[in-house]
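Participant: below is the structure, and that's it, no one-letter string:
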């Protein structure tokens, strides 16, 4: 239904990423609405660890397009596939993801599809950019700037997530998603970040299940094995391991209360080097 191109802005002479929603998506109003929300989220959340959106519109053939910051790097997914990530590097990557989530959450945006493939890591600097807000919960009424200046009331946007609907990537989906996306909140993003951090440190996901139904059952019911049992020889400090296991608690209330709280906990577990 879509494609992403690397493109050059001819006047500014800089690389950009252009994401297209192809004409075939016309048959899915939900997909078009999510694409528009992704564009709005990317335009309003200005943060060094989020790939920003600079333009959005339609082409003559009916395709919708979104112009995004181009990130010269690789996905975190590819980095993890090469093996365990040293604890200090893993903590720094997690810290940057948490900072991106904090910026999004403070605007009322919940990512809802956080996974290693949606995290870009720049070559050489290890700077992180969070991408793909296609499944995000975006409060349009909080992000609008038009009404404040015009004095006109804009009609409330129709909800596109039905009660009880479940979507996202099963391997990184929080247990509460089983009750529907209306039960997913900021702490669900933190659960996904806990899984990513676990994967970086262990070199593999906490659960071996391959079948989607079995994997989702593990996410809901099975306690993840401690890092030291899952990956003997992992060099994670005990404080960092404890924080990872706390992020993976089944009950949202047992996890850190916010991305800001997680940042403080990461700094305490693995102090930044000078």
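Facilitator: Noted; the coordinates are in hand. Fair warning: this is a prediction, and the values are worked out from it, not measured in the lab. Numbers count the residues shown, from 1 in each chain.

Participant: what residues are up against residue 188?
Facilitator: Residues in contact with residue 188 (Cβ atoms under 8 Å, 6 or more residues apart in numbering) are 110, 112, 174, 176, 177, 252. For every residue, glycine as well, the C-beta is placed using N, CA and C.

Participant: same question for residue 209.
Facilitator: Listed by Cβ under 8 Å, 6+ apart, the contact set of residue 209 reads 215, 217, 218.

Participant: among these, which are in helices?
Facilitator: Judged by DSSP state H, these include 215, 217, 218 as members of helices.

Participant: host element of the closest residue to the last one other than its chain neighbours?
Facilitator: Think residue 218. Closest residue to residue 218 apart from its sequence neighbours, by Cβ to Cβ, 6 or more residues apart in numbering: residue 207 at 4.2 Å. Residue 207 belongs to no helix or strand when assigned by DSSP states H and E.

Participant: isn't residue 207 right next to residue 223, touching?
Facilitator: No: Residue 207 is beyond contact range of residue 223, at 10.4 Å (criterion: Cβ atoms under 8 Å).

Participant: neighbour count winner among the two?
Facilitator: residue 207 (18 against 11; other Cβ atoms under 10 Å).

Participant: just the pLDDT for the residue nearest to residue 266 when sequence neighbours are not counted.
Facilitator: Distances taken as Cβ to Cβ, 6+ apart place residue 95 nearest to residue 266, at 5.1 Å, with adjacent residues excluded. According to the prediction, residue 95 has pLDDT 98.

Participant: which residues touch residue 95?
Facilitator: By Cβ under 8 Å, 6+ apart, residue 95 lies in contact with 263, 266, 267.

Participant: quick check, nearest of the ones in helices among the contacts of residue 209 to residue 187?
Facilitator: When those are ranked by distance to residue 187 (Cβ to Cβ), residue 218 comes first, at 19.0 Å.

Participant: so how many other residues sit close to the closest one?
Facilitator: 18.

Participant: returning to what we had before: got the contacts of residue 188 as CSV, with pLDDT and secondary structure columns?
Facilitator: Shown next, in CSV, are those (pLDDT from 0 to 100; DSSP: H, G, I helix; E, B strand; the rest coil):
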residue, pLDDT, secondary structure
110, 94, strand
112, 92, coil
174, 94, coil
176, 94, helix
177, 91, helix
252, 97, helix
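
Participant: domains in the protein, by residue range?
Facilitator: Following automatic domain parsing, the chain resolves into domains at 2-69, 73-143+162-269.

Participant: deepest-packed of the ones you listed, please.
Facilitator: domain 73-143+162-269 (a mean of 18; mean count of other Cβ atoms under 10 Å).

Participant: where do the helices sit along the stretch 151-274 of the chain?
Facilitator: 186-202, 212-221, 227-230, 238-247, 259-269 (DSSP state H, counting those that start in this stretch).

Participant: residue 105: which of those helices is closest?
Facilitator: Of these, the one closest to residue 105 (Cβ to Cβ) turns out to be helix 186-202, at 4.6 Å.

Participant: pretty sure residue 94 sits against residue 190.
Facilitator: No: Residue 94 is beyond contact range of residue 190, at 10.5 Å (criterion: Cβ under 8 Å).
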